[in-house]
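Asks: give me the fold of what follows.
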Amino acid sequence: MKFDELDEKMRVFETAHDLCVLPGVYMVARLDGRGFTRLTKEVHAFESPFDVRVRDLMVATTGHLMNCGLRVVYGYTQSDEISLLFHPREDSFGRKTRKLNSILAGEASAKFSLLLGDLGAFDCRICELPNAELVRDYFRWRNEDAHRNALNAHGYWSLRREGKGVEEATNAMLRLSVAQKNELLFQRGINFNELPNWQKRGTGLYWETYAKEALDPRTGEAVFAERRRIKVDFELPMKDAYSDFVRSLLEAA
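Replies: Below is the predicted model:
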């Protein structure tokens, strides 16, 4: 059998189940760390519940994904997860989800591992959102999830520091309302509203333009050239203001 015939015969098993995102459908990639609780709390013993060093590792990994050859309008990270909003006309790899998932998971895992100096792995899945309203809802969902997770994490680790075990602290938090969780923290000297916003809302990364001074090679005069860079935002808004913020990014794209 000639190679061309063999290639045609076998290639179908690799590509028969390729799924592609239809043109006009928004794409958001969601990446999650695999086993990060053990990695960050046991293997490396970072500060609980939040450590600025882990935050910066996740921010650097998100920035890398925004610069790895795909058109990403907005990157968002909280805890051990990353969400990437692609440009509406991004069409790399024919918008094949298999390719996007594998490349993004590989890039994130490699970058994070290099930064940490240890193995850190991510999985990835592509969310297909048919309209801009659902894109806003997606990021608002993750933004509000960050708030919920931060409240639970601070309460849980406050109880753990008092000597309660994993199961006891977990069960204690499950029985409490939001108001009761805030009160639990307040009684221990923690005002949840005064905690850093990046813990409660996550961190956003988006493109901004700036003027860079240069010399005109023809005249030797100082000129300004427009350049683009990633802005890291640790002070994201919440609720409707955050929805409006995501809308502005979509309109700019």
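Asks: contacts only, for Lys96.
Replies: Applying Cβ atoms under 8 Å, 6 or more residues apart in numbering, we find Lys96 in contact with 18-20. C-beta: built from backbone N, CA, C; applies to glycine.
Asks: if you set the cut-off to 6 Å instead, what comes out?
Replies: 18, 20 (Cβ atoms under 6 Å, 6 or more residues apart in numbering).
Asks: can you give me the pLDDT of it?
Replies: Confidence at Lys96, expressed as pLDDT, is 95.
Asks: ok, it to Met27 distance?
Replies: Distance from Lys96 to Met27, counting by Cβ to Cβ, to the nearest Å: 11 Å.
Asks: what's the answer for Arg98, then?
Replies: Counting by Cβ to Cβ, the gap from Arg98 to Met27 is 13 Å.
Asks: more neighbours, the two?
Replies: Each of Arg98 and Met27 has its neighbours counted (other Cβ atoms under 10 Å); Met27 has more, 21 against 15.
Asks: which residue, neighbours along the chain excluded, lies closest to the more buried one?
Replies: Phe86 (4.4 Å; Cβ to Cβ, 6 or more residues apart in numbering).
Asks: beta partners of the one you found?
Replies: On the basis of DSSP bridges, Phe86 is bridged to Val72.
Asks: list the buried residues for stretch 200-210?
Replies: Neighbour counts over stretch 200-210 (16 or more other Cβ atoms under 10 Å) mark 200-207 as buried.
Asks: likewise for stretch 234-253?
Replies: Those would be 236-238, 242-243, 245-246, 249-250, 253, for stretch 234-253 by 16+ other Cβ under 10 Å.
Asks: kind regards, and thank you for your time.
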